[in-house]
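Participant: Please find the sequence and the predicted model below.
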Amino acid sequence: MNELSTTPDNTNGEPCLTVTHPFHPLFGQTFPLLSQSYAWGEERVFFADPQTSKVRSLPLAWTNLALPDPFRVVPGDKAVLRFEDLQQLVQFLRQERAHNREDH
């Protein structure tokens, strides 16, 4: 297993992950990390489900192992829109303005 320096340790010194996605049924639960790799088009973490003993995986972004979202870190949770959202809004408004000019 590739050990990551950013992976938190549980009380036994093993790397572990905590599910942070607020709508996931395992939210808040911590599991020993088996591995982390790129699969199904995204970075994923793998862990053993203690109830079924089967290996499960989740997107890395749904765990505490994901890097913090710059959208939340930089503005201190005060920004209303992401830069990409603002770009889309500007494009939409320009299209609406052009459409309204054609109608008049």
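Facilitator: Done, it's in. Numbering: from 1, shown residues only.

Participant: switch to C-alpha atoms for all contacts and neighbour counts from now on
Facilitator: OK.

Participant: Trp40: neighbouring residues, count only.
Facilitator: Other residues near Trp40 number 8, with proximity taken as other C-alpha atoms under 10 Å.

Participant: For the longest helix along the chain, give me every contacting residue.
Facilitator: Longest helix in the chain by number of residues (criterion: DSSP state H): helix 83-103. Helix 83-103 is contacted by no other residue when judged by C-alpha atoms under 8 Å, 6 or more residues apart in numbering.

Participant: So which other helices or strands are in contact with the helix or strand containing Arg56?
Facilitator: According to DSSP states H and E, Arg56 maps onto strand 55-59. Applying 3 or more C-alpha pairs under 8 Å, 6 or more residues apart in numbering; DSSP states H and E, we find strand 55-59 packed against strand 42-48.

Participant: For the strand it packs on, what does the pLDDT average out to?
Facilitator: For strand 42-48, mean pLDDT is 95.

Participant: Mind giving me the packing neighbours of it?
Facilitator: strand 30-39, strand 55-59.

Participant: Just checking: what are the partner strands of the last one?
Facilitator: When pairing is defined by DSSP bridges, strand 55-59 lines up against strand 42-48 (antiparallel).

Participant: Which positions within the strand it pairs with qualify as buried?
Facilitator: 44-47 (16 or more other C-alpha atoms under 10 Å).

Participant: ok, of these, which one's closest to Thr30?
Facilitator: For the buried residues of strand 42-48, the residue nearest Thr30 by C-alpha to C-alpha is Phe47; the value is 9.8 Å.
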